[in-house]
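> here's a sequence, model it:
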Amino acid sequence: MSAPLAYHSTQALHAALPSFAPIIPTALLPYIAAILLTSTFVLAFYFTTLPKDTVPTRETAVASTASLLAGFGVVALFCSAGVYV
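Numbers count the residues shown, from 1 in each chain. A predicted model of the protein is given here:
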């Protein structure tokens, strides 16, 4: 198969495909970001009020959950601002 023929067949295939549609509607992204980031701040406050244990299993669980929520919240916030990461 020659290069121009492969390019034209790929270009025709690309033109025939439907456009991208996200799973989560973009209109919901600011609300999702607000909920996730608010939850992060609530868990961060809760983390500071936990008693210090010798084995910090509860602290690790709370901190990991807050970190996960913050990560997804920041991505949702960036996407709602038009910076698609």
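
> from residue 52, how far out is residue 60?
Distance, residue 60 to residue 52, by C-beta to C-beta, to the nearest Å: 13 Å. Just so you know, the C-beta spots here come from the backbone N, C-alpha and C atoms, and that holds for glycine as well.

> who has more neighbours out of these two?
residue 60 (10 against 6; other C-beta atoms under 10 Å).

> for the lengthiest helix in the chain, the distance to its chain's centre please.
Of all segments of type helix in the chain, defined using DSSP state H, the longest is helix 57-80. Here helix 57-80 is found 10 Å from its chain centre; the criterion is C-alpha atoms, centre = their mean, to the nearest Å.

> swap in stretch 55-74?
15 Å.

> pull the CA atoms of it into PDB?
Taking C-alpha atoms only, stretch 55-74 is exported to PDB below (Å, rounded to 0.1, in the frame of the first residue of the first chain):
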ATOM      1  CA  VAL A  55      -0.100   3.200  64.000                       C
ATOM      2  CA  PRO A  56      -1.700   5.900  61.800                       C
ATOM      3  CA  THR A  57      -4.200   3.800  59.900                       C
ATOM      4  CA  ARG A  58      -7.100   6.100  60.300                       C
ATOM      5  CA  GLU A  59      -5.000   9.200  59.400                       C
ATOM      6  CA  THR A  60      -3.600   7.400  56.300                       C
ATOM      7  CA  ALA A  61      -7.100   6.500  55.200                       C
ATOM      8  CA  VAL A  62      -8.500  10.100  55.700                       C
ATOM      9  CA  ALA A  63      -5.400  11.600  54.000                       C
ATOM     10  CA  SER A  64      -5.600   9.200  51.000                       C
ATOM     11  CA  THR A  65      -9.300   9.900  50.500                       C
ATOM     12  CA  ALA A  66      -8.700  13.700  50.700                       C
ATOM     13  CA  SER A  67      -5.800  13.400  48.200                       C
ATOM     14  CA  LEU A  68      -7.900  11.400  45.800                       C
ATOM     15  CA  LEU A  69     -10.800  13.800  46.000                       C
ATOM     16  CA  ALA A  70      -8.500  16.800  45.500                       C
ATOM     17  CA  GLY A  71      -6.900  15.200  42.500                       C
ATOM     18  CA  PHE A  72     -10.200  14.600  40.700                       C
ATOM     19  CA  GLY A  73     -11.600  18.000  41.900                       C
ATOM     20  CA  VAL A  74      -8.700  19.900  40.400                       C
END
